[in-house]
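*Asks:* Sequence and computational prediction follow.
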Amino acid sequence: RRLLLVNGPNLNLLGTREPAVYGHDTLVDVERLALETAAAAGWEVRCVQSNHEGVLIDAIHEARADCAGIVINPGGLTHTSVALRDALAGVGLPVAEVHLSNVHRREEFRHHSYVSGIAEMVIAGAGINGYAYALRQLVAVLDR
Ligand code: DQA
């Protein structure tokens with residue numbers, strides 16, 4: 001009973017990166033929230049952040065061995081990466097897509113996501129709470 005939490009490029013800068021858009025919480029805060037939210041439901045979380053597409057793809061492939069679902073904020077790769085989408089589709093685990101900001105209220109190029117078409121759910125604009133909502137919902141789906 002384990003989930004994979006994936007954070008993509010530049011999310012290591014959370015807390016200092018464009019705080020007006022992404023808030024003051026750090027990646028450590030995000031991962032702590034995820035671990036606590038999952039633990040409350042009796043689940044574990046493996047956390048991965050990378051600025052490298054291939055590292056993210058490898059982590060997604062490895063999740064097939066021991067994870068039941070994936071929560072992912074793909075960062076900028078959301079809007080560019082067919083390969084990341086193919087990796088998620090390829091492992092066949094349920095996916096929750098999370099964005100801290102409401103990408104639909106921002107630049108046009110952020111309106112399209114390659115991931116949304118294969119995701120169970122998409123949460124955008126709820127800040128770091130979005131990760132907790134996604135985890136709770138994913139766990140609820142998996143537990144039923
Ligand atoms: C983001 C939105 C993306 O457009 C952006 O490239 C990010 C973060 C978000 O969490 O709001 O890196 O995924």
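*Replies:* Received it, and whenever you're ready, just let me know what you need.
*Asks:* where does this structure come near the ligand, residue by residue?
*Replies:* 10, 73, 75-76, 78, 99-101, 103, 110 (CB under 6 Å from any ligand atom). Glycine gets a C-beta too; all of them are placed from N, C-alpha and C.
*Asks:* Adding pLDDT, write those out as TSV.
*Replies:* As requested, the residues of the chain next to the ligand are exported to TSV (pLDDT from 0 to 100):
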residue	pLDDT
Asn10	97
Asn73	98
Gly75	98
Gly76	98
Thr78	98
His99	98
Leu100	98
Ser101	97
Val103	98
Arg110	98
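*Asks:* From those residues, pick the one nearest Val139.
*Replies:* Distance to Val139 across these (CB to CB) is lowest for Asn73, with 17.5 Å.
*Asks:* How about that closest one, nearest residue that isn't a chain neighbour?
*Replies:* With sequence-adjacent residues excluded and distances taken as CB to CB, 6 or more residues apart in numbering, Asn73 is closest to Val98, at 4.7 Å.
*Asks:* My reading is that the one you found lies in a helix. Confirm?
*Replies:* No - when classified by DSSP: H, G, I helix; E, B strand; the rest coil, Val98 is found to be strand rather than part of a helix.
*Asks:* Show the contacting residues for it.
*Replies:* 71-73, 122-124, 130-131, 134 (CB atoms under 8 Å, 6 or more residues apart in numbering).
*Asks:* That one pairs with what?
*Replies:* Ile123 (DSSP bridges).
*Asks:* Out of the residues of the chain next to the ligand, grab the one that's most surrounded.
*Replies:* For the residues of the chain next to the ligand, the largest number of neighbours (other CB atoms under 10 Å) sits with Asn73, at 26 neighbours.
*Asks:* List the residues that contact that one.
*Replies:* Counting by CB under 8 Å, 6+ apart, Asn73 makes contact with 6-8, 11, 97-100, 131.
*Asks:* ditto for Ala41
*Replies:* 135-136, 139, 143.
*Asks:* Phi, psi for it please.
*Replies:* With angles defined as degrees, to the nearest 10, Ala41 sits at phi -100, psi 10.
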